[in-house]
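Participant: for reference, the sequence and a predicted model appear below.
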Amino acid sequence: YACVVKAQEYEFPEDFQFGVATASYQIEGAWDHGGKGENIWDRMTHERSYLIEDGSNGDHACLSYYKTEEDVQLLKDLGVHFYRFSISWSRILPTGHANKINQEGIDYYNDLIDRLIAAEITPFITMFHWDLPQPLQEIGGWPNALLADIFVDYADVLYKVFGDRVKDWITFNEPAQICEQGYATADKAPAYTQEGIGGYLCAHTLLIAHGKAYRLYYQDYHEEQQGRVGITIDTGMYMPADEESPDDEEAAERTIQMYYGWHAHPIFSADGDYPQIMKDRVLAKSLEEGFPKSRLPSFTDAEIAMIRGSSDFLGLNHYTSSYCTTIPDEWVLQRPSNYADIEAWCYASPDWETSGSSWLTVYPEGLRKLLIWIKERYNNPEIIITENGFSDKDGSLNDCRRVNYFNSYLEQVLLAIHVDKVNVTRYTAWSLMDNFEWRRGYTERFGIHHVDFDDDERPRTAKMSAYVLKNIILTKKINWDYTPGGFSECDW
Ligand SMILES: O=S(=O)(O)CCCN1CCN(CCO[C@@H]2O[C@H](CO)[C@@H](O)[C@H](O)[C@H]2O)CC1
């Protein structure tokens with residue numbers, strides 16, 4: 001095994017940056033305070049609480065809306081270079097439309113931004129992390145193409161009000177979760193089941209919205225503000241179950257192209273537009289199902305050109321991977337769906353360590369393989385890992401398994417940088433603190449700080465992983481034998 005390179009002798013480059021991430025609905029609370037309007041997660045968790053594992057919601061969450069000073073102190077103690085957080089659209093524009101701007105909402109984010117800058121921490125803002133204003137859902141939500149221009153109006157307000165101090169923007173967090181889970185598989189708000197249709201219409205609007213928001217920045221703001229605009233797209237690494245099987249190889253490639261390429265190819269590929277394999281397969285399936293045309297909308301040539309290259313970095317959320325194989329015909333869903341369009345069966349290896357989340361198993365090498373895949377397919381873009389993290393259910397402060405996850409995945413980042421020459425410039429750990437984990441409520445914890453949700457003060461307590469991350473940021477190295485004071489040794 002001499003060839004197994006231990007990444008321990010590698011260091012993170014001098015200018016490599018570390019940060020942590022959160023999202024507005026997951027941490028802020030104050031759901032109806034400070035002039036904020038209702039969003040689709042408020043509505044869904046209030047009206048359909050049975051969809052949330054513990055019947056909870058984000059009404060109070062971590063009460064971060066009232067704890068800016070305390071949370072910025074946590075970030076200072078960690079020594080992070082940047083903090084990735086998201087803006088609640090309905091806190092800035094309560095109806096979603098730019099005709100009514102809520103000054104209290106602006107004041108809240110200005111206070112956070114100014115405190116971060118005073119602490120020499122770069123604010124890294126996500127404009128949209130799933131919390132769509134409810135009135136916009138009532139005119140159809142993202143499947144309504146008109147939402148693209150309404151989103152651009154929102155982005156315009158953000159650039160104008162915060163752009164003098166905020167130079168790092170992400171338009172959308174995870175189009176697949178917003179669209180396929182929001183409008184097709186019902187795993188995310190607004191939890192519709194327009195399988196094979198809702199997700200495709202939603203993502204079509206989102207890609208146009210993203211492209212237009214990017215072009216607006218360069219048309220009206222970049223010259224003066226000199227910032228950057230990107231997008232965050234999530235994906236696992238999909239690998240053939242049997243490396244010798246061409247069918248499995250094809251199933252894996254089809255999956256990453258039609259789950260990840262769906263959103264990444266229009267922006268980051270040389271040609272732009274949806275992946276050809278996706279256009280071909282969805283059209284063929286649609287005609288087979290009796291549709292007069294493809295369920296996948298098509299871009300005009302002008303839209304393809306407008307969206308192509310519309311990102312200054314590639315934001316990547318990665319947690320886990322899968323092996324893929326083709327599914328037997330009898331397994332193929334007899335109804336339209338993205339899943340049936342892909343027609344692959346992907347699963348985690350039983351050998352991989354599990355976590356507190358059913359979908360998250362630990363396969364660090366998957367991250368390196370994915371980084372190489374992106375480098376080769378999208379001409380070596382600047383990659384910012386905008387989320388990576390591990391969940392448990394017990395919230396233990398002695399979170400050895402989370403430490404193991406971070407050390408192992410960061411080792412793969414080091415190998416990708418030094419051996420494979422992938423241009424990764426930043427790493428963001430999900431999450432700064434335990435928070436509202438969507439339909440899992442508070443039953444799954446991703447935080448490097450524990451939050452006591454039974455205490456009205458929502459006290460934050462640093463877990464061992466916070467100290468380990470702090471040490472990595474300080475030393476720019478992975479130190480497997482580092483045990484912070486006050487914690488018992490991990491048995492690896
Ligand atoms: O790769 S595989 O195909 O084998 C399995 C993929 C399963 N998906 C991956 C993306 N994930 C959304 C992550 O979602 C992100 O992660 C955090 C933790 O969930 C959330 O709290 C954040 O808000 C969100 O940005 C949902 C589950």
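Facilitator: Looks like it came in fine. Numbers count the residues shown, from 1 in each chain.
Participant: quick one, phi/psi of whichever residue of the stretch 251-400 of the chain sits closest to the ligand?
Facilitator: With CB to the nearest ligand atom as the measure, Ser322 is the residue of the stretch 251-400 of the chain nearest to the ligand, at 3.4 Å. Yep, even glycine has a C-beta here, placed from its N, CA and C like the rest. As for Ser322, its main-chain torsions (degrees, to the nearest 10) stand at phi -150, psi 150.
Participant: so what sits opposite it in the bridge?
Facilitator: Beta-bridge partners for Ser322, by DSSP bridges, are Tyr238.
Participant: tell me the spacing between it and Glu343.
Facilitator: 15 Å (CB to CB, to the nearest Å).
Participant: pLDDT score for Ile327?
Facilitator: Note for Ile327: predicted pLDDT of 84.
Participant: not counting sequence-adjacent ones, nearest residue to it?
Facilitator: Sequence neighbours aside, Trp345 is the residue nearest to Ile327 in space, at 4.2 Å (criterion: CB to CB, 6 or more residues apart in numbering).
Participant: neighbours around the one you found, how many?
Facilitator: Using other CB atoms under 10 Å, Trp345 has 19 other residues around it.
Participant: what pLDDT does the residue of the chain found nearest the ligand get?
Facilitator: Nearest residue of the chain to the ligand, counting by CB to the nearest ligand atom: Gly236, 2.0 Å away. On the pLDDT scale, Gly236 is placed at 98.
Participant: between Ser322 and Glu343, which one's more packed in?
Facilitator: When neighbours are counted by other CB under 10 Å, Ser322 and Glu343 differ, and Ser322 comes out ahead with 23 against 18.
Participant: is Ala119 in contact with Leu75, as I believe?
Facilitator: Yes. Ala119 lies in contact with Leu75 (CB atoms under 8 Å); the separation is 6.8 Å.
Participant: out of those two, which sits in the more crowded spot?
Facilitator: For Ala119 and Leu75, the more surrounded residue by other CB under 10 Å is Leu75, and the numbers stand at 20 against 13.
Participant: quick one, what contacts that one?
Facilitator: Contacts for Leu75 (CB atoms under 8 Å, 6 or more residues apart in numbering) come out as 20, 83, 116, 119, 121, 432.
Participant: most neighbours among the residues you listed, please name it.
Facilitator: Neighbour counts for the contacts of Leu75 peak at Leu432, which has 29 neighbours (criterion: other CB under 10 Å).
Participant: and that residue, its phi and psi?
Facilitator: Dihedral angles (degrees, to the nearest 10) for Leu432: phi -60, psi -40.
Participant: any weak-confidence spans in the chain?
Facilitator: The chain contains residues with pLDDT under 70 at 1-8.
Participant: what parts of it come near the ligand?
Facilitator: Residues of the chain lying near the ligand by CB under 6 Å from any ligand atom: 23, 26, 173-174, 177, 234, 236, 317, 319-322, 346, 359, 387, 430, 437, 446.
Participant: please pick the buried ones from these.
Facilitator: 23, 26, 173-174, 177, 234, 236, 317, 319-322, 346, 387, 430, 437, 446 (16 or more other CB atoms under 10 Å).
Participant: for the closest residue in space to Thr235 that isn't next to it in sequence, what are its contacts?
Facilitator: Residue nearest to Thr235 in three dimensions, not counting chain neighbours: Tyr260, with 3.7 Å by CB to CB, 6+ apart. Shown in contact with Tyr260 (CB under 8 Å, 6+ apart): 176, 233-235.
Participant: how close does Tyr260 get to Asp248?
Facilitator: Tyr260 is 18 Å from Asp248, by CB to CB.
Participant: and Tyr323, by the same measure?
Facilitator: Taking CB to CB, one finds Tyr323 at 8 Å from Asp248.
Participant: if I look at these two, which residues touch both of them?
Facilitator: Jointly contacting Tyr323 and Asp248 under the rule CB under 8 Å, 6+ apart are 240-241.
Participant: before we move on, back to that, among the contacts of Leu75, which ones are in strands?
Facilitator: If you go by DSSP state E, the contacts of Leu75 have 20, 83 in strands.
Participant: what are the ranges of the helices in the stretch 101-250 of the chain?
Facilitator: 103-118, 134-137, 147-162, 175-183, 198-216, 222-225, 246-256 (DSSP state H, counting those that start in this stretch).
Participant: which one of those helices lies nearest to Asn57?
Facilitator: Set against Asn57 and scored by CB to CB, the helices of the stretch 101-250 of the chain come closest in helix 134-137, at 13.9 Å.
Participant: give me the contacts around the closest one.
Facilitator: Here helix 134-137 makes contact (CB under 8 Å, 6+ apart) with 37-40, 42-43, 90, 95-97, 147, 150, 190.
Participant: can you go through those and name the buried ones?
Facilitator: Neighbour-count burial (16+ other CB under 10 Å) is assigned, among the contacts of helix 134-137, to 37-40, 42-43, 90, 96, 147, 150, 190.
Participant: tabulate those in JSON lines, adding columns for secondary structure.
Facilitator: As requested, the buried ones among the contacts of helix 134-137 are exported to JSON lines (DSSP: H, G, I helix; E, B strand; the rest coil):
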{"residue": "Gly37", "secondary structure": "coil"}
{"residue": "Glu38", "secondary structure": "coil"}
{"residue": "Asn39", "secondary structure": "strand"}
{"residue": "Ile40", "secondary structure": "helix"}
{"residue": "Asp42", "secondary structure": "helix"}
{"residue": "Arg43", "secondary structure": "helix"}
{"residue": "Ser90", "secondary structure": "helix"}
{"residue": "Gly96", "secondary structure": "coil"}
{"residue": "Leu147", "secondary structure": "helix"}
{"residue": "Ile150", "secondary structure": "helix"}
{"residue": "Pro190", "secondary structure": "coil"}
